[in-house]
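Visitor: Coordinates for the following, if possible.
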Amino acid sequence: MKKIVTTMILAIVLVGNVLAQKEVKYAKIFYKDLKMETNDIVIIVDNAVSTAGETKFKLKIMNKTNDYLILKPEECKFIVNGKEEKPQEKWLVISPNESDFRVVNLKGAGYNAIKNYQFVLDGLYRVDANTKGISTPDFKLPASQNDFKTGPFSNTVTKVVKETDKTEVKFNVTYTGDKIGFVFPSKVSVKMPDGNIYANAKSKSDAIMLVKGESDASN
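Guide: Take a look at the predicted model:
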């Protein structure tokens, strides 16, 4: 995983569309939308607005690469009147050639008197989609045990449904490593006794990102 913005740190000056003296406060101040584009990404700041208690905007990211992008908002920063503040939003994963957004919100008093400020996007990372995965032995049904471990992933069977036209197995996956783990439901398949292999019904599901100690039971 590498940061891709070290040579293009995005410093956005959000310029208010109102002409006001420094001390004048409004119920809301709206800012111009902004767009920045490179060969790899498109970044859009949309619907930026400040009120007496907060400033926020929608940060849209279009991934033009064949890799994954991870946005860590806590590594970004607002610069307001020379003072730095960091947002605390959840991480965002953008799949290859897809787009997504995160609403970035900064709480504080008196933002409705701020005519312009900077937002520095310094928490965007690129993850190689061709990184070698972890080999996992076939899981046989009926299961002889409900728990098994694959590298830094602990897996527990939480549900098994066998019907005439459907077999459903649900796992809870916990990442125990020290970096970042990805789970790909789309790469799971079922091999029948006759040798035929069938794709997971969630073959179009996005990758699931987990940090140390985090679990997911949606796969």
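Visitor: And the closest residue to Val157 other than its chain neighbours, how far from Met209?
Guide: Among residues not flanking Val157 along the chain, Asn146 sits closest, at 4.3 Å (C-beta to C-beta, 6 or more residues apart in numbering). The C-beta positions use only the backbone N, C-alpha and C, and glycine is treated the same way. From Asn146 across to Met209, the span is 24 Å (C-beta to C-beta, to the nearest Å).
Visitor: Of those two, give the one with the bigger neighbour count.
Guide: Met209 (18 against 12; other C-beta atoms under 10 Å).
Visitor: any idea how the chain splits into domains?
Guide: 2-127, 147-216 (automatic domain parsing).
Visitor: So which of those is nearest Thr136?
Guide: domain 147-216 (4.6 Å; C-beta to C-beta).
Visitor: and the end-to-end length of that closest one?
Guide: 15 Å (C-alpha to C-alpha, to the nearest Å).
Visitor: Just the mean pLDDT for that domain, thanks.
Guide: Domain 147-216 shows a mean pLDDT of 84.
Visitor: One more: stretch 39-48?
Guide: 92.
Visitor: What lies in contact with that stretch?
Guide: With C-beta atoms under 8 Å, 6 or more residues apart in numbering as the test, stretch 39-48 has contacts from 4, 10, 12, 14, 30-37, 55-65, 69, 99, 101, 119, 121, 124, 126.
Visitor: Tell me who's in contact with Val161.
Guide: Thr167, Glu168, Val169.
Visitor: and those, which are buried?
Guide: The neighbour count (16 or more other C-beta atoms under 10 Å) marks Val169 as buried among those.
Visitor: quick one: which of the contacts of Val161 sit in strands?
Guide: The strands, defined by DSSP state E, take in Thr167, Glu168, Val169 from the contacts of Val161.
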